[in-house]
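A.B. asks: Quick one: sequence plus predicted model below, questions after.
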Amino acid sequence: MPVHLPPNQVVKVFATTQPPDYDCPWQTLATQSSTGSGVAIAGRRILTGAHVVADATFVQVQKANDPEKCVARVVAAGHDADLALLTVEDDAFWTDVEPVELGDLPRVRDQVTVVGFPIGGEEISYTQGVVSRIEVQPYTHSHQRQLAITVDAAINPGNSGGPAYQADGRLVGIAFQKRRDGENIGHLVPTLVIQRFLDAVAAGRSLGAPALGLRLQTLENPTLRGSLGLSPDQHGVRVVEVAYASSCWRRLRVDDVIVAIGGLPVASNGTVSYAGRLRTSLTVALSTHHVGDTLVVDVVRGGKPRRMRLTLAGDASLVARDRYDVRPTWFEWAGLVFQPLTLDYLRTWQKLASAPRELVTLYYEALRSPDRREAIVLSEVLADSINAGYERYDDRLVETVNGKSVPDLAALVRALDQASGTVRVGLNTGAVLVFEASEVWAAREAIRERYRLPSDRSGDLPRPGESGE
């Protein structure tokens, strides 16, 4: 049965964006234009996808029955959940707009109607399908794994940010991605994730999604379970690694077995039964929690049960996933350009398979540690007489300055700002780049002028003389 929708509830979103250039992190790429969809919610706001307005410099919206576009403003963008809020200051825009009501988590085989403006069409489009799956899945925009609804209704470019409705006309989710290696496999952000985002905006809390910060091993082998002190009827997953400053830092240990999370028993394959009807990854227990919330985790340690209360933190991967609405962090010294290793930087190779293997391995596997809070990459060598012969060492990891390890880029900046005499920069390959600090200082202005650098560092890094860890 088709869903009856109030007029002007669904809008078309026009965005002009200007992403940063991670090859030359002090610059931006050319502006781009794209379209998406959105839906009106309470409070004179429009809910859409964060990727629709990521790195936006100008946003407009247009109602389905109105040829005029209205300037919109991004109120908030939660990139982990791929959700954003817009508003329009013009009172006239809202006179005939009726906000949507959020619905509940649907059931598999429930019918849904996806509404929006696919492929940039001028007319609103309706496609119907059913819910085929509800489970934790990777979000393409943020590369975080969160609860998502899979539907077989057609979702195409331009549908992004648009609503999907239940049969009663309430919102079931926001369209955010589709599988390109299958037919009619689209995904929705469910309303419980949407509500978490809206609650965080209202309370001024972090819009990032919480994460455990763990590497885990499934325990489907009974001998392995027994070696960790579990009885034959106990199940769970083994902690392999705990990330520095993560939700589980100083709380869980290697060889702890997580047997329940948020009151949900954990199976030996790492899944839980959620909402009494879904079996999916144990991280689904985080779906309604915010960064800063407390979460109870039950573990077995050395054969004895323990109950832990975790204060939830954000992602603790060593290599930052996609970053939006912020400029890159970078530092230039002696013509060497340093950055934290990020997925955005790896994407300068177009395909991850083309990037240096050791960098890609860190992206997929590494968690933060006290001694390595960021992976620092020498991203470019701006040719000058003081760095002659070092041009081959770009895209290498920086390990030390004068024999001392540098756990993050801020530490490297402080070390080089304070350096005097002979300076030795050690790379992960064993190579050492040697400079005289006085020569580096003398060449600074010439290098900046030659390569049109606005500064020697991004604004988020410490300046000379500023204290830090």
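C.D. replies: Arrived safely, thanks for sending. Keep in mind the model is a prediction, meaning the values are calculated, not measured. Numbers count the residues shown, from 1 in each chain.
A.B. asks: drop to CA atoms for contacts and neighbour counts, all remaining ones
C.D. replies: Noted.
A.B. asks: Outline the domain layout of the protein.
C.D. replies: 10-94, 111-203, 214-311, 331-450 (automatic domain parsing).
A.B. asks: The nearest residue to residue 401 once chain neighbours are set aside - how many residues pack around it?
C.D. replies: Leaving aside its chain neighbours, residue 401 sits nearest to residue 425 (4.7 Å; criterion: C-alpha to C-alpha, 6 or more residues apart in numbering). Residues within reach of residue 425, counting by other C-alpha atoms under 10 Å, total 18.
A.B. asks: what's near enough to touch residue 425?
C.D. replies: Contacts for residue 425 were tallied using C-alpha atoms under 8 Å, 6 or more residues apart in numbering; they are 398, 399, 400, 401, 402, 403, 432, 433, 434.
A.B. asks: and residue 443, how many residues sit next to it?
C.D. replies: Residue 443 has 17 nearby residues by other C-alpha under 10 Å.
A.B. asks: shouldn't it be in contact with residue 334?
C.D. replies: Yes. Between residue 443 and residue 334 there is a contact at 7.3 Å, judged by C-alpha atoms under 8 Å.
A.B. asks: Which neighbours do those two have in common?
C.D. replies: By C-alpha under 8 Å, 6+ apart, the residues touching both residue 443 and residue 334 are residue 386.
A.B. asks: The residue nearest the centre of the chain: what's its closest spatial neighbour, skipping adjacent residues?
C.D. replies: Nearest to the geometric centre of the chain sits residue 142, at 3.3 Å (C-alpha atoms, centre = their mean). Spatial nearest neighbour of residue 142, excluding adjacent residues (C-alpha to C-alpha, 6+ apart): residue 80 at 5.1 Å.
A.B. asks: Look at the one you found and give its secondary structure.
C.D. replies: Here residue 80 is recorded as coil under DSSP: H, G, I helix; E, B strand; the rest coil.
A.B. asks: what residues are up against it?
C.D. replies: Taking C-alpha under 8 Å, 6+ apart, one finds 139, 141, 142, 143, 144, 207, 208, 209 in contact with residue 80.
A.B. asks: can you tell me how far it sits from residue 315?
C.D. replies: 10 Å (C-alpha to C-alpha, to the nearest Å).
A.B. asks: Residue 146 too?
C.D. replies: To residue 315, residue 146 is 12 Å away according to C-alpha to C-alpha.
A.B. asks: Mind pulling the model confidence for the nearest residue to residue 151 once chain neighbours are set aside?
C.D. replies: Leaving aside its chain neighbours, residue 151 sits nearest to residue 131 (4.5 Å; criterion: C-alpha to C-alpha, 6+ apart). pLDDT recorded at residue 131 is 95.
A.B. asks: what's in contact with the helix or strand containing residue 131?
C.D. replies: Here residue 131 sits within strand 125-138, counting by DSSP states H and E. Strand 125-138 is contacted by residues 106-118, 144-154, 278-281, 283-284 when judged by C-alpha under 8 Å, 6+ apart.
A.B. asks: Contacts for the helix or strand that that strand is followed by, please.
C.D. replies: As assigned by DSSP H and E, the chain's next helix or strand after strand 125-138 is strand 145-151. With contact meaning C-alpha under 8 Å, 6+ apart, strand 145-151 is reached by 81, 112, 129-139, 173, 184-190, 193, 283-284, 287.
A.B. asks: swap the cut-off to 6 Å and go again
C.D. replies: Contact with strand 145-151 is made by 130-138, 185-190, as judged by C-alpha atoms under 6 Å, 6 or more residues apart in numbering.
A.B. asks: in its sheet, what does that strand sit against?
C.D. replies: Sheet pairing for strand 145-151, assigned by DSSP bridges, gives strand 125-138 (antiparallel), strand 186-190 (antiparallel).
A.B. asks: pretty sure residue 207 is touching residue 76, no?
C.D. replies: No. Using C-alpha atoms under 6 Å, residue 207 is not in contact with residue 76; the gap is 8.5 Å.
A.B. asks: of the two, who's got more company?
C.D. replies: residue 207 (22 against 18).
A.B. asks: I'd like the distance between the residue nearest to residue 401 and residue 211.
C.D. replies: 34 Å.
A.B. asks: what does residue 283 give?
C.D. replies: In terms of C-alpha to C-alpha, residue 283 sits 8 Å off from residue 211.
A.B. asks: Looking at the two now, which is surrounded by more residues?
C.D. replies: Each of residue 283 and residue 211 has its neighbours counted (other C-alpha under 10 Å); residue 211 has more, 24 against 19.
A.B. asks: doesn't residue 315 make contact with the more buried one?
C.D. replies: Yes. Between residue 211 and residue 315 there is a contact at 5.2 Å, judged by C-alpha under 6 Å.
A.B. asks: Could you tell me the least trusted of the domains of the chain?
C.D. replies: Among these, domain 111-203 carries the lowest mean pLDDT (a mean of 89).
A.B. asks: Just the terminal-to-terminal distance for it.
C.D. replies: The straight-line separation of the ends of domain 111-203 (C-alpha to C-alpha) is 33 Å.
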